[in-house]
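Novice: Give the three-dimensional model of this entry:
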Amino acid sequence: MNIVSERYFFGDDFTLSRVSIDGQPFAACPYILENKVRQTVGQPVQLWKIPGKTAIPVGTYNVIIDHSWRFDRDMMHLLNVPGYDGIRVHAGNTSMDTEGCLLVGMSANQKHGEVMFSRIALASLYDVVKAALERAEAVTWTVKGLPFTRSID
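Specialist: Purely as a prediction, here's the structure:
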(Lines give C-alpha, C1' and ligand atoms only; values in the text may rest on other atoms or scores of the structure.)
Protein backbone atom coordinates (compact mmCIF):
# COMPACT_ATOMS: atom_id res chain seq x y z
CA MET A 1 0.00 0.00 0.00
CA ASN A 2 1.26 3.47 -0.83
CA ILE A 3 -0.20 6.48 0.91
CA VAL A 4 0.53 9.77 -0.86
CA SER A 5 0.23 13.21 0.68
CA GLU A 6 0.51 15.76 -2.09
CA ARG A 7 1.09 19.27 -0.85
CA TYR A 8 -1.14 21.87 -2.46
CA PHE A 9 -1.19 24.89 -0.15
CA PHE A 10 1.86 26.53 1.39
CA GLY A 11 0.93 28.98 4.15
CA ASP A 12 3.18 31.23 6.20
CA ASP A 13 3.58 28.63 8.96
CA PHE A 14 1.72 25.56 7.69
CA THR A 15 1.30 23.25 4.70
CA LEU A 16 -1.81 21.38 3.54
CA SER A 17 -1.82 18.16 1.53
CA ARG A 18 -4.42 15.92 -0.07
CA VAL A 19 -4.28 12.19 0.67
CA SER A 20 -4.61 9.24 -1.67
CA ILE A 21 -4.04 5.54 -1.20
CA ASP A 22 -2.83 3.46 -4.12
CA GLY A 23 -3.78 6.24 -6.52
CA GLN A 24 -7.30 6.83 -5.20
CA PRO A 25 -8.41 9.80 -3.05
CA PHE A 26 -9.02 8.64 0.51
CA ALA A 27 -12.32 10.25 1.46
CA ALA A 28 -12.18 9.03 5.07
CA CYS A 29 -9.00 11.05 5.66
CA PRO A 30 -8.56 13.52 2.81
CA TYR A 31 -6.19 16.10 4.37
CA ILE A 32 -2.79 16.35 6.03
CA LEU A 33 -1.50 19.39 7.91
CA GLU A 34 2.23 19.91 8.42
CA ASN A 35 4.54 22.70 9.50
CA LYS A 36 5.95 25.09 6.93
CA VAL A 37 8.01 23.55 4.13
CA ARG A 38 11.54 24.95 4.33
CA GLN A 39 13.29 22.29 2.27
CA THR A 40 15.97 23.56 -0.07
CA VAL A 41 16.70 21.07 -2.83
CA GLY A 42 20.31 19.96 -2.86
CA GLN A 43 21.01 21.22 0.68
CA PRO A 44 21.35 18.98 3.74
CA VAL A 45 18.44 18.97 6.19
CA GLN A 46 20.47 20.58 8.98
CA LEU A 47 20.84 23.76 6.88
CA TRP A 48 17.10 24.41 6.48
CA LYS A 49 15.36 22.60 9.35
CA ILE A 50 14.03 24.56 12.33
CA PRO A 51 13.29 21.88 14.94
CA GLY A 52 9.59 21.52 15.68
CA LYS A 53 8.65 24.04 12.98
CA THR A 54 9.59 22.40 9.68
CA ALA A 55 7.78 19.91 7.46
CA ILE A 56 9.60 16.70 6.59
CA PRO A 57 11.44 16.36 3.27
CA VAL A 58 9.71 15.06 0.16
CA GLY A 59 10.34 11.36 -0.28
CA THR A 60 8.96 7.90 0.31
CA TYR A 61 9.11 6.37 3.77
CA ASN A 62 8.22 2.97 5.20
CA VAL A 63 5.35 3.01 7.69
CA ILE A 64 4.97 0.79 10.73
CA ILE A 65 2.70 0.83 13.73
CA ASP A 66 4.57 0.80 17.01
CA HIS A 67 4.26 2.08 20.54
CA SER A 68 4.92 5.77 21.12
CA TRP A 69 6.26 6.37 24.61
CA ARG A 70 5.39 10.05 24.30
CA PHE A 71 1.73 9.43 23.46
CA ASP A 72 1.57 6.09 25.33
CA ARG A 73 -0.25 4.23 22.55
CA ASP A 74 0.38 2.46 19.25
CA MET A 75 0.69 4.89 16.35
CA MET A 76 1.71 5.07 12.71
CA HIS A 77 5.42 5.85 12.45
CA LEU A 78 7.33 6.99 9.33
CA LEU A 79 10.81 5.47 9.32
CA ASN A 80 14.16 6.86 8.20
CA VAL A 81 13.05 10.43 7.53
CA PRO A 82 16.32 12.31 6.89
CA GLY A 83 17.11 14.65 9.78
CA TYR A 84 14.05 13.64 11.80
CA ASP A 85 13.24 11.10 14.52
CA GLY A 86 9.86 9.87 15.67
CA ILE A 87 7.70 11.19 12.83
CA ARG A 88 4.16 10.11 13.72
CA VAL A 89 0.76 10.45 12.13
CA HIS A 90 -1.64 11.78 14.73
CA ALA A 91 -4.62 13.96 15.57
CA GLY A 92 -4.34 17.72 15.95
CA ASN A 93 -5.76 20.87 14.45
CA THR A 94 -3.07 23.49 13.76
CA SER A 95 0.62 23.63 12.92
CA MET A 96 1.25 24.28 16.63
CA ASP A 97 0.25 20.63 17.17
CA THR A 98 2.62 19.07 14.63
CA GLU A 99 6.26 19.47 15.74
CA GLY A 100 7.19 17.99 12.35
CA CYS A 101 4.59 15.21 12.43
CA LEU A 102 1.67 14.70 10.06
CA LEU A 103 -1.79 15.70 11.30
CA VAL A 104 -4.86 14.22 9.62
CA GLY A 105 -8.26 15.77 9.00
CA MET A 106 -11.66 15.29 7.41
CA SER A 107 -11.77 18.93 6.32
CA ALA A 108 -9.27 21.75 5.98
CA ASN A 109 -9.29 25.52 6.34
CA GLN A 110 -6.64 27.16 4.15
CA LYS A 111 -7.21 30.60 5.60
CA HIS A 112 -6.42 29.54 9.17
CA GLY A 113 -4.16 26.54 8.51
CA GLU A 114 -6.35 24.02 10.28
CA VAL A 115 -7.69 20.51 9.85
CA MET A 116 -10.90 19.44 11.54
CA PHE A 117 -12.41 16.14 12.72
CA SER A 118 -8.88 14.88 13.12
CA ARG A 119 -9.62 11.98 15.48
CA ILE A 120 -12.23 10.55 13.09
CA ALA A 121 -9.83 10.80 10.14
CA LEU A 122 -7.03 9.26 12.19
CA ALA A 123 -9.14 6.26 13.20
CA SER A 124 -10.04 5.58 9.55
CA LEU A 125 -6.47 5.82 8.29
CA TYR A 126 -5.09 3.82 11.21
CA ASP A 127 -7.55 0.97 10.54
CA VAL A 128 -6.59 0.79 6.86
CA VAL A 129 -2.85 0.81 7.62
CA LYS A 130 -3.19 -1.73 10.43
CA ALA A 131 -5.18 -4.09 8.19
CA ALA A 132 -2.53 -3.86 5.45
CA LEU A 133 0.28 -4.54 7.92
CA GLU A 134 -1.65 -7.50 9.38
CA ARG A 135 -1.82 -8.93 5.83
CA ALA A 136 2.00 -8.58 5.76
CA GLU A 137 1.68 -5.89 3.11
CA ALA A 138 4.41 -3.26 2.99
CA VAL A 139 3.08 0.24 3.67
CA THR A 140 4.86 3.32 2.36
CA TRP A 141 4.09 7.03 2.64
CA THR A 142 5.14 9.34 -0.17
CA VAL A 143 5.31 13.07 0.50
CA LYS A 144 5.17 15.19 -2.66
CA GLY A 145 5.38 18.90 -3.33
CA LEU A 146 7.61 21.84 -2.68
CA PRO A 147 6.60 25.49 -2.89
CA PHE A 148 7.30 27.13 -6.21
CA THR A 149 10.55 28.98 -6.19
CA ARG A 150 11.75 31.01 -9.11
CA SER A 151 15.43 30.90 -9.83
CA ILE A 152 17.20 34.17 -10.46
CA ASP A 153 19.43 33.99 -13.51
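Novice: What is the burial count for residue 58?
Specialist: 16 (other C-beta atoms under 10 Å). The way it works is simple: take the backbone N, C-alpha and C, and place the C-beta from them, glycine included.
Novice: Now for it: which residues touch it?
Specialist: Contact analysis of residue 58 by C-beta atoms under 8 Å, 6 or more residues apart in numbering lists 39, 143-146.
Novice: Determine which two of the residues you listed are furthest apart.
Specialist: Farthest-apart pair in these is 39 and 144; separation 11.9 Å (C-beta to C-beta).
Novice: Compare these two and say which is more crowded by neighbours.
Specialist: residue 39 (20 against 14).
Novice: Contact partners for the more buried one?
Specialist: Neighbouring residues of residue 39 by C-beta under 8 Å, 6+ apart: 45, 48, 54-55, 57-58, 146.
Novice: Please report which of the residues you listed has the highest neighbour count.
Specialist: Most surrounded of the contacts of residue 39: other C-beta under 10 Å gives residue 55, at 28 neighbours.
Novice: Setting the sequence-adjacent residues aside, check what's closest to that one.
Specialist: residue 34 (4.0 Å; C-beta to C-beta, 6 or more residues apart in numbering).
Novice: what sits opposite the residue nearest the centre of the chain in the beta ladder?
Specialist: Closest to where the C-alpha atoms of the chain average out (C-alpha atoms, centre = their mean) is residue 102, at 3.3 Å. Per DSSP bridges, the residues bridged to residue 102 are residue 89.
Novice: For it, give me its contacts.
Specialist: Residue 102 sits in contact with 5, 32-34, 56, 78, 87-90, where contact means C-beta under 8 Å, 6+ apart.
Novice: Show me where this protein dips below the pLDDT cut-off.
Specialist: 149-153 (pLDDT under 70).
Novice: Residue 59 contacts residue 142, doesn't it?
Specialist: Yes - counting by C-beta atoms under 8 Å, residue 59 does reach residue 142; the two are 7.3 Å apart.
Novice: For residue 121, pull up the helix or strand it's in.
Specialist: Counting by DSSP states H and E, the element that carries residue 121 is helix 118-134.
Novice: Go through that helix and flag the buried ones.
Specialist: Neighbour counts over helix 118-134 (16 or more other C-beta atoms under 10 Å) mark 118, 121-122, 124-126, 128-129, 132-133 as buried.
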